[in-house]
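Asker: 3D model of this:
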Amino acid sequence: MRERFRPIRLKTPLKRAGFHLAESPRVCYTFSPMSHQNPDHDDFIHSEEFLHHLMRRQLRLSIACAAAFLILLFGLPLANYFAPELMALRVGGFTLTWLILGVLFFPFVWIIARIFITRSMALEEAEVLLAAEGNAKRKA
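Answerer: Sure thing, here's the model as predicted:
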């Protein structure tokens, strides 16, 4: 099925809405809305069981990533407090504290974000397979 665009008239120009464009068009185009068909009542992907399982796994992943971030965030001051000699070591012209804080902190956060995104995508793919199996079981 081919997606069609449909025009939407804007009541206020974009300049007044806070956008600073050379030209503020008064018409923008969006995709047509989703299908108007309601899902089947026997569709597993719309069941409470499926949604509860998906939300529980997403919550576990979110808590694990948040815990890793909090360990990183609070670990540096705790390491400075409990191991000041170690944190005062010079590495590449920086003390270990400044190396971690100024150079390595953002890559650590990017790694945590990357892990979250890749595992989240894998989680969604696994849930799609689970939903397909659930639909097959219900229809059989």
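Asker: which residues in the chain form helices?
Answerer: Under the criterion DSSP state H, the chain contains helices at 48-82, 84-87, 96-98, 105-139.
Asker: Could you tell me which residues within the shortest one count as buried?
Answerer: The one in question is helix 96-98. 96-97 (16 or more other CB atoms under 10 Å). (C-beta placed from N, C-alpha, C; glycine too.)
Asker: The first one now?
Answerer: Neighbour-count burial for helix 48-82 flags 50, 54, 57, 61, 65, 68, 72, 76, 80 (criterion: 16+ other CB under 10 Å).
Asker: The last one too?
Answerer: By neighbour count on 16+ other CB under 10 Å, the buried set for helix 105-139 is 112, 116, 127, 131, 134-135.
Asker: before we move on, what about stretch 78-95?
Answerer: For stretch 78-95, burial by neighbour count (16+ other CB under 10 Å) applies to 80, 87.
Asker: gap between the two ends of it?
Answerer: One end of stretch 78-95 to the other measures 16 Å (CA to CA, to the nearest Å).
Asker: Please renumber the chain so that the first residue is 430 from this point on.
Answerer: Sure, I'll start counting at 430 from here, so that last one is stretch 507-524.
Asker: Now do that stretch: everything it contacts.
Answerer: 525-526, 528, 531-532 (CB atoms under 8 Å, 6 or more residues apart in numbering).
Asker: what's the weakest-modelled helix or strand in this protein?
Answerer: Ranked by mean pLDDT, DSSP states H and E, the weakest helix or strand in the chain is strand 456-460, scoring a mean of 50.
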